[in-house]
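turn this into a model:
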Amino acid sequence: MDAAARPTDSAPAFHAEDVDQVADYRSVSVLALLSLLIGLTSPLILVSRLFLILPLLGAALSLIALRRIATSSELLAGRWAATAGLALCVACGIAAFSRDGVTRYMRTTQAEEFGREWLLMLASNETEQAFRMTVEGARPAAPREPGMPPAATTPYDQFMNDPLVQEISTAGANANVAFLETQEYSVPSRRDFIVRQRFQITPYGDAGNSDSSTVIEAVVTLQRSRFPGQRQPRWLVVKFEAPSATAN
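Sure thing, here's the model as predicted:
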């Protein structure tokens, strides 16, 4: 037998199962893997809203990857990765917005309780305590320079000269303070909250009957922060005004 006709030991031998493996080979979608990677980093949105782009981008890439896989005639793999990435992005997005909703409800409720307490204190003519619950009242007094005369008016005097303070302080200790609405809620920083709410104060006469003809409305802006001179964050009244002044 001719040596050229004899099979050599180095010639590759193919089997039927090898042909099946080559036919079953599919490339993994790069977009699917990328969406899974972004989905794994999406929990960063719970730390800061600046990472909101992560779940949005991850969800978009996941949908694109799933569509390409579905229309690739089984040439692309990675459906599990795209599905997992989509689930992670959606779950993190929902968790972040749910947490914001719960936080807003808690903060506005705290502001409502603080605002009602402050207005009741004013209505009871406890003006000094009410003044200390404002930003001006909680601020440490500035030392007077040597040789300088005392100021003509103090911050407390200015507080007492406010027409709305004078009007509310005559409502009486039995006045009813009703919460009407939250007009504004903002978060300037991670630990600061500003809430503006509208209240209605109804004075009660000596007989215990409400006097609807002298109903007083007030818009109170409250802020929860760690103010100068304060060790812990607290609620304080930043501003108060009549609704007509707010509209103007």
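
need the helices for this protein, in chain order.
16-24, 30-41, 53-70, 79-123, 127-132, 135-138, 155-160, 163-168, 243-247 (DSSP state H).

the fourth one - contacts with which helices or strands?
In this case it means helix 79-123. With contacts taken as 3 or more Cβ pairs under 8 Å, 6 or more residues apart in numbering; DSSP states H and E, helix 79-123 sits against helix 30-41, helix 53-70, helix 127-132, helix 163-168, strand 176-189, strand 192-202, strand 216-225, strand 234-241. Using the backbone N, CA and C atoms, a C-beta is placed for each residue, glycine as well.

what comes up buried for the fourth one?
In terms of neighbour count (16 or more other Cβ atoms under 10 Å), helix 163-168 has its buried residues at 164-165, 167-168.

how far away is the most centrally placed residue in the chain from Val187?
Most central in the chain under Cα atoms, centre = their mean is Asp100, positioned 4.3 Å from the mean C-alpha point. As judged by Cβ to Cβ, to the nearest Å, Asp100 and Val187 stand 9 Å apart.

widest-spaced pair of the buried residues of helix 163-168?
Largest separation among these by Cβ to Cβ: Val165 and Glu167, giving 7.3 Å.

format the buried residues of helix 163-168 as CSV; extra columns: distance to Leu36.
Formatted as CSV, the buried residues of helix 163-168 follow (distance: Cβ to Cβ, whole Å):
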residue, distance to Leu36
Leu164, 58
Val165, 60
Glu167, 62
Ile168, 59
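
which one among those residues gets closest to Ala123?
Ala123 lies nearest to Ile168 out of the buried residues of helix 163-168, by Cβ to Cβ, at 5.6 Å.

which residue packs closest to that closest one, ignoring adjacent ones?
Leu122 (4.5 Å; Cβ to Cβ, 6 or more residues apart in numbering).

these two touch, right, that neighbour and Ser169?
Yes: assessed by Cβ atoms under 8 Å, Leu122 is found in contact with Ser169 at 5.5 Å.
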